[in-house]
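Trainee: Need coordinates for the following:
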Amino acid sequence: MADVEDRRQAFSSRNWDDRQLLHIVDSILRRFFRSYWDLDPLTRSQVDRLRTAAAEAAGSASISALERRAVLTGFLDDFASIEAVLPIIRESMRGGIAGDEPGYATAMGVSYLQAVNLLRVMRDDPSHYMPRSVQTPPTPALRGAQPPPRESSGQPNAGGPARRGATSGQKGSTAPFQGVARGGEVVQFHTYVDFPPTISNRNDVKYPLVVQLVRDRPRESRSQAEVGIAFQDEIEYVDVVVRAPGFEEVSGYGAGAHDGPALRRTIAVPQDGDSQPAVFLMQLVDDQTGPHRVTVDFYHRGRNAGSLTLEVAVRSFPFLGRSTRRAEAISGEEGEEPPVFGTASVVRAVDGVTISQGTPLPAADIELRIIQDADGRTLHFHLHSQKLPALDGRSAGSIVFNDLSRPDLFFDRLAERLSALAARAGTELTGEEAARMEDEVADLGVELYEQLFPAPLRQIYWEMKARRDAGEVRNLLIVSDEPWIPWELVKPYDVVDGNDVEDDHLAGAWRMSRWLAGAAVPADLNIRAARLIAPMLSLDFVTSEMQYFGSLAARQIETAPPISTRAQFLELAEEGGAQLFHFATHGNYNQAFVDESPIVLEGDPLFPSDLTRRRARGLRREKPLIFLNTCHGARVGYNLTGLGGWAQRLVDHLGVTAFVGALWEVHDELASKFAQIFYEELWAGKTLGEAFFSSRQQIRAMQSANPTWLAYTLYGDPNSRVFCPSEGRSASPGR
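Mentor: Numbers count the residues shown, from 1 in each chain. From the prediction side, this is the model:
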C-alpha cells in the first residue's frame, strides 16, 4: 500500500492550473470509461460514490469557483487512491499534459461527470458561470461550453473513447450516423449504446446507460444504416433524450423521476473525432420484475435524427455475486447470480437516411412522440417543439390497452365501417344523408380521441390548438413505435368548464404526417424519373392517372410505359433509376398474414415480403417517394416476424423518403384526383405537409361525406420538399 500512497501524494501535490486539470480529468476518465466494466464490483461502487458526490458538490450554487475546483481536485485525489484505477492514471500521465490527445480542447469531455462541464465554463468564462437547474433545458454554456480554437498538432483528434480494436468486453448496440462536412466530405459516426441486458430488481443498485457517437464502427455493430448530421460548424450538438419507465436518473445532473419529463443530455459531435459520451445513472423505482424498455431519441437542431429501443430483463436475484465478464453475461435464471454486465437487446434501432448538406431542414412545429412499453399494452406520449418551448420534452401521459398485441382487433371494426361509407358516399346522396354520414365519421373520430388521448394530452391539445389558431404553429409530426392507429381520424372533443369544445379531425386541422420510430425522418428529394405501376384492371380512373404521368415529360421528368407485372417491378426495384413510384391498382389486406397482403398486378401479385433488402437495393439507394393508390395500402399489422405490411416494409426496412397509402377502401374517382392534386402542389413548391393538406381539403370539398379524404396517411417530414428538373432548383447534394 505504500506504493499506492506515494502515487496518491505525488498526484495530488502538483499545482495544476485549470487547463491542465481539465486535460487530466478528460484524459483519465476517457480511459477509465473504457475499463469500467473490467473492474470488480467493489471498485465500481467506490467510483460511483465518488462520481455522484463530486457531481453533487460541483453543482452546488453556494460555493465559489475556487471551492468548486477544490472539490474536483479532491475527486481526482480520491480517485487516485483506488488501487485498481492506478494503471489507468499511469497510462494517462505517460502522455504528459500536451499528451497524445491534442483534441482534448474541442469539447470532448465526459458528460456523466458534471464537474468536467463546470470546469470548462470556469476556464472559459468564470465571471458569468451560473449553475444549471435540473428543471431547465440545457444551455449552450453547459453543452460542453464553446471550445477554444483547436491546437495544431498534425494529429487527428482523438475525441472520445477510442473504439479501435475493441474487445468483447466493450460491447455496444450500434448504428451509424453520417455527418456531412462543409466541403462535402462524408463523415460517418456510429451509435454506441451500453446498458445491462439483465439486472437485479434491487432498487438500491445504480446502472450507467452510456450513449455515444463514435467514428470507428465497433465489431458489435448490429445495424448497417446511416443517419445524417449536416455540419455547419466544426462542432455540432446532438440532444440525447432518454425515456425509461420504471427507472429514475440519480446522478444529480439532470436527474428526474421515471414518469416526469424526458431525461436529456447534449453531446458535442466534432467532424473528426468521437463525441462526448452521454451517461445516465439509472436506478429502478420499485422491485417489479419483468421486461423494461429504455428508449433513446437523438435530436439534431430540433429534428428527430433517429431512435433506439433497448429491452432489459429485471429479475429477482438473492445477492450480487462475483464479477462476470460482459461478453458472457447475456442471460440468467431466477436465483442465479445476476448477469448485470453487457448491452441490452435492441428492439428497434437507428436506421436509414442522410440529412441534406448545408442548412438543415426546419424541425416540425410539433412532434408527438409515442412510445410503446415492454408490457405490450401501454403507450407513453411526449411532445417536442422548438417553436413552443413550454411543450419541448413535456410528458403527455400514458394509456393502457387491454390487448395491444392484437391491434387488428382494435382497428378492423373501424376500417370496415369506413370502407362501407367510402363505397356508398357520392353525389347521389341527399343533403340529409350526407350530413348523417359526416356525423357518423365525426363520432368515430371522437371515440378514438376518448380511447387514445390520456388526460394530460387532452389538456395540452387545447393549448396546441390555441397556438395553431394564432398562427404560431401549423404542422404536426407523429413519430411512433406503433404503426396501426389511424391518428388522422382522431377528432378532439371535450367539455371544459361546462362548455363543449371541439376541433376538426387531426388530418383536417394540421399539416400532418407520421413516421415510424427508428429511422431519422428524411429530408428533401430530387425527382428526375418517375414510374407508374398500373395493370389494366377494371378501375375506371386508372386511365386518368396514366395520362397524368404521361404529361410529366413537360416537367423534364423521365417517364416510361406503365409497369404491369411483378417481375418488371422487382427488376426496377433492384436496379433503381427512379425517385417516384406510383401504384394505381387494387390492394388486398390479409389480416392473418399481413406480410402476405398483396398488390394486384397482371399475373402474379406483389407482396410486401418480396421487397427484401437485397432485391430492393435500388429502392434503398434512391430513397424514393412511393404512393400506393390502393385500398388498404398503408395498413400494418403483426405477423410472426414482427410488424408487417407495406408501410413497415417501405419506411422501416427500405428507408424511403416519403410513403403515401390508404388505411381503408377509397373511392376510385376521388383517389385519382387526390393523387394528381398532391403532385401538382408539390411541383408548385409546397412542402409535403402543405401539399398533402391541400389535397385533403380539395377532395373534402368535392364530397365531404366520403371519408376518402381521411383515408390517406403520409409518412414523411411535413417540411420536406420535392424538386423536379423544370424548377431549376434541387435538393441538397447526394439526394
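Trainee: Please parse the protein into its domains.
Mentor: For the chain, the structural domains run 1-147, 160-360, 398-515, 518-727, going by automatic domain parsing.
Trainee: neighbours around A529, how many?
Mentor: A529 has 18 neighbouring residues, counting by other CB atoms under 10 Å. To be clear about C-beta, it is placed using only N, CA and C from the backbone, and glycine gets the same treatment.
Trainee: Tell me the buried residues in the lengthiest helix in the chain?
Mentor: Looking only at the chain and at elements set by DSSP state H, the helix with the highest residue count is helix 431-452. Buried residues in helix 431-452, counted by 16 or more other CB atoms under 10 Å: A434, M437, E438, V441, A442, L444, G445, V446, L448, Y449, L452.
Trainee: residues in contact with the helix or strand just after it?
Mentor: Scanning the chain past helix 431-452 towards its C-terminal end, the next helix or strand to appear is helix 455-469 (assignment: DSSP states H and E). Contacts of helix 455-469 from elsewhere in the structure, counted by CB atoms under 8 Å, 6 or more residues apart in numbering, are 366, 381, 383, 388, 390-391, 394-397, 449, 453, 473-474, 492, 494, 496, 501, 503, 509-510.
Trainee: can you tell me the average pLDDT over helix 455-469?
Mentor: Averaged across helix 455-469, pLDDT comes to 96.
Trainee: who does the next helix or strand after that helix pair up with?
Mentor: The element immediately downstream of helix 455-469 (helix or strand, assigned by DSSP H and E) is strand 475-480. Based on DSSP bridges, the strands next to strand 475-480 in the sheet, each with its direction, are strand 366-372 (parallel), strand 511-516 (parallel).
Trainee: now strand 475-480 and helix 455-469, what's the angle there?
Mentor: Using axes from the mean of the first three to the mean of the last three CA atoms, to 10 degrees, one finds that strand 475-480 and helix 455-469 are set 150 degrees apart in direction.
Trainee: Just the buried residues of the top strand by length along the chain, please?
Mentor: Scanning the chain for the longest strand, with DSSP state E as the assignment, gives strand 303-315. If you call a residue buried by 16+ other CB under 10 Å, then strand 303-315 has these buried ones: 303-315.
Trainee: Redo the strands paired with strand 475-480 as CSV? Include mean neighbour count, distance to K686 and mean pLDDT.
Mentor: Formatted as CSV, the entries for these read as follows, by neighbours: other CB atoms under 10 Å; distance: least, CB to CB, whole Å; pLDDT from 0 to 100:
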stretch, mean neighbour count, distance to K686, mean pLDDT
strand 366-372, 23, 19, 95
strand 511-516, 26, 10, 95
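Trainee: Just put those in CSV and tack on distance to T266.
Mentor: Written out in CSV, the entries for the strands paired with strand 475-480 read as follows (distance: least, CB to CB, whole Å):
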stretch, distance to T266
strand 366-372, 17
strand 511-516, 23
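Trainee: so which of those comes closest to L284?
Mentor: Checking the strands paired with strand 475-480 against L284 by CB to CB gives strand 366-372 as the closest, at 18.4 Å.
Trainee: List the strands paired with the next helix or strand after that closest one, with their directions.
Mentor: Note on strand 366-372: by DSSP H and E, the next helix or strand toward the C-terminus is strand 378-384. Using DSSP bridges, strand 378-384 pairs in its sheet with strand 366-372 (antiparallel), strand 394-400 (antiparallel).
Trainee: out of the ones you listed, nearest to A523?
Mentor: For the strands paired with strand 378-384, proximity to A523 was assessed by CB to CB; strand 366-372 is nearest, at 15.4 Å.
Trainee: between that closest one and helix 431-452, how many degrees?
Mentor: Angle, strand 366-372 to helix 431-452, by the same axes, to 10 degrees: 60 degrees.
Trainee: quick one, strand 366-372 and strand 303-315 angle?
Mentor: Using the same axes, to 10 degrees, one finds that strand 366-372 and strand 303-315 are set 20 degrees apart in direction.
Trainee: can you pull the contacts of the residue nearest to E558 when sequence neighbours are not counted?
Mentor: Among residues not flanking E558 along the chain, A529 sits closest, at 4.0 Å (CB to CB, 6 or more residues apart in numbering). With contacts defined as CB under 8 Å, 6+ apart, A529 is in contact with I557, E558, T559, G577, A578, Q579, L580.
Trainee: Could you check how far the last one is from P522?
Mentor: Counting by CB to CB, to the nearest Å, the gap from L580 to P522 is 14 Å.
Trainee: Got the phi and psi for L710?
Mentor: Here is the backbone geometry of L710 (degrees, to the nearest 10): phi -90, psi -10.
Trainee: what do you get for P208?
Mentor: P208 adopts backbone torsions of phi -80, psi 130, taken as degrees, to the nearest 10.
Trainee: And the pLDDT at it?
Mentor: In this model, P208 is scored at 81, pLDDT.
Trainee: ok, so what distance separates it from D194?
Mentor: 8 Å.
Trainee: If you count surrounding residues, which of those two has more?
Mentor: Set side by side, P208 and D194 show unequal neighbour counts under other CB under 10 Å, the larger going to D194 at 26 against 20.
Trainee: does R265 count as helix, strand or coil?
Mentor: When the structure is split into helix, strand and coil by DSSP: H, G, I helix; E, B strand; the rest coil, R265 lands in strand.
Trainee: and the gap between it and V279?
Mentor: Counting by CB to CB, the separation of R265 from V279 is 8 Å.
Trainee: One more: D287?
Mentor: Between D287 and V279 the distance, using CB to CB, works out to 24 Å.
Trainee: quick one, which of those two is more surrounded?
Mentor: The residue with the greater number of neighbours, taking D287 and V279 and applying other CB under 10 Å, is V279; the counts read 22 against 12.
Trainee: Wasn't the more buried one part of a helix?
Mentor: No: applying three-state DSSP, one finds V279 to be strand, outside a helix.
Trainee: what are the bridge partners for it, then?
Mentor: V210.
Trainee: Many thanks, I have nothing further to ask.
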